[in-house]
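Q: Fold the following, please.
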Amino acid sequence: MIGLDVSIISDEFEGCRGFDDVKRNVTTTIIGSLKNSGIMGVKPVKGCTITGPPGAGKSTFAKWMFSKLGIPVITIRASDVVSMYVGGTEEVIRSCFERAEIVKPCVVYFKDLGGLVGNRGYGKGEGGGNTVLATMLNCIDGAGGGGEGVLVVGEIEDREELDDALVRGGRMEGNIELGTVGEGWRDVIEGEFQDWNLGVNFDGSAIGLRCRDMLACEAVAYCNAVKEAAIDRVENEGEDGVMERVEMKDFEEGWKTFR
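A: Modelled structure (predicted):
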């Protein structure tokens with residue numbers, strides 16, 4: 001059996017900025033249902049997917065959610081699970097859920113769900129994919145130890161890649177969809193420049209127009225370009241004082257580089 005990565009994300013994790021509306025919804029529907037399980041008949045969500053294009057921040061958002069849950073997370077990567085031996089992949093999946101039964105309440109987190117049971121997943125077109133999917137379904141339903149107290153979370157670009165049987169009610173029924181940072185751009189800017197001084201001429205509205213249609217990774221890349229522009233300016237102008245100061249012209253220069 002592979003070595004499973006079991007960890008607890010600190011509740012002080014602050015790496016996920018923006019997505020306020022999504023966070024509020026997740027706090028109510030997923031985090032709340034797990035923490036209030038058993039109270040007045042509340043049933044916890046059994047599983048969910050986190051969807052969005054590359055760079056949308058799926059992994060970072062997952063860490064934020066897990067930090068709020070405060071329970072162990074068993075992380076599984078498709079590349080680690082797939083076995084060259086017949087039945088090997090299914091055995092590893094069963095073992096993962098058996099481990100979950102021991103440490104529950106916990107999360108079983110598939111970093112690349114599409115690479116395992118999606119349209120491009122293991123065994124697709126060779127018959128293997130059907131047995132892997134069947135094993136996943138059985139484990140989520142409880143046959144492999146995935147009963148109450150185990151939340152199954154899968155990261156995938158497009159939920160449409162998954163079989164309907166996997167995303168129906170009582171299995172991975174929930175979905176957290178991430179896109180551009182939207183109105184959360186300010187949180188991203190403030191977070192990226194929390195150790196810097198923003199100049200008095202900082203125009204948030206102008207920056208917002210640029211950032212709100214960016215993915216999280218793009219917004220961070222833009223901020224890095226701005227920091228480099230600020231450092232170059234200070235060095236070229238021979239200014240004294242604190243290096244970590246950002247003027248509006250640095251945002252303009254950074255924008256030229258970023259584009």
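
Q: just for the protein, where's the confidence low?
A: For the chain, the stretches with pLDDT under 70 are 1-4, 12, 37-42, 83-84, 119-129, 143-147, 238-244.

Q: in it, which spans are helices?
A: Remark: helices assigned in the chain by DSSP state H are 20-26, 32-35, 58-69, 78-81, 88-103, 114-117, 128-141, 164-167, 185-192, 204-211, 216-237, 248-258.

Q: Tell me which of the ones you listed is the most buried.
A: helix 114-117 (a mean of 24; mean count of other C-beta atoms under 10 Å). Every C-beta, even on glycine, is put in place using the N, C-alpha and C of the backbone.

Q: what packs against that one?
A: helix 78-81, helix 128-141 (3 or more C-beta pairs under 8 Å, 6 or more residues apart in numbering; DSSP states H and E).

Q: and of those, who's closest to Ile102?
A: helix 128-141 (14.1 Å; C-beta to C-beta).

Q: With distance to Asn175 added, can I get the helices of the chain in CSV?
A: Listed next are the helices of the chain as CSV, based on distance: least, C-beta to C-beta, whole Å:
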stretch, distance to Asn175
helix 20-26, 10
helix 32-35, 15
helix 58-69, 12
helix 78-81, 19
helix 88-103, 21
helix 114-117, 14
helix 128-141, 15
helix 164-167, 8
helix 185-192, 23
helix 204-211, 25
helix 216-237, 18
helix 248-258, 31
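
Q: Of all the ones you listed, which one comes closest to Pro44?
A: Of all the helices of the chain, helix 32-35 comes closest under C-beta to C-beta, at 4.7 Å.

Q: what's the closest one in contact with?
A: When contacts are defined by C-beta atoms under 8 Å, 6 or more residues apart in numbering, helix 32-35 is touched by residues 42-45, 69, 105, 151.

Q: which neighbours does the strand with the most length in the chain have in its sheet, and in what orientation?
A: Scanning the chain for the strand with the most residues, using DSSP state E, yields strand 150-156. Applying DSSP bridges, strand 150-156 is found paired with strand 47-51 (parallel), strand 106-110 (parallel).

Q: what angle sits between the last one and helix 58-69?
A: Between the axes of strand 106-110 and helix 58-69, defined by axes from the mean of the first three to the mean of the last three C-alpha atoms, to 10 degrees, the angle is 180 degrees.

Q: Report the angle between strand 106-110 and helix 88-103.
A: Per the same axes, to 10 degrees, the angle that strand 106-110 makes with helix 88-103 is 160 degrees.

Q: Show me how far strand 106-110 is from its chain's centre.
A: Strand 106-110 sits 12 Å away from the centroid of its parent chain (C-alpha atoms, centre = their mean, to the nearest Å).

Q: would CSV of the helices and strands packed on helix 114-117 with distance to Gly87 be doable?
A: Formatted as CSV, those follow (distance: least, C-beta to C-beta, whole Å):
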stretch, distance to Gly87
helix 78-81, 13
helix 128-141, 8
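
Q: Which one of those lies nearest to Leu178?
A: Using C-beta to C-beta, the helices and strands packed on helix 114-117 put helix 78-81 closest to Leu178, at 19.7 Å.

Q: just how off-centre is that closest one within its chain?
A: On C-alpha atoms, centre = their mean, the centre of helix 78-81 falls 18 Å from that of its chain.

Q: could you say what helices and strands it packs with?
A: Judged by 3+ C-beta pairs under 8 Å, 6+ apart, the packing partners of helix 78-81 are helix 88-103, helix 114-117.

Q: Next, format those as TSV and append distance to Phe202.
A: Shown next, in TSV, are these (distance: least, C-beta to C-beta, whole Å):
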stretch	distance to Phe202
helix 88-103	47
helix 114-117	41
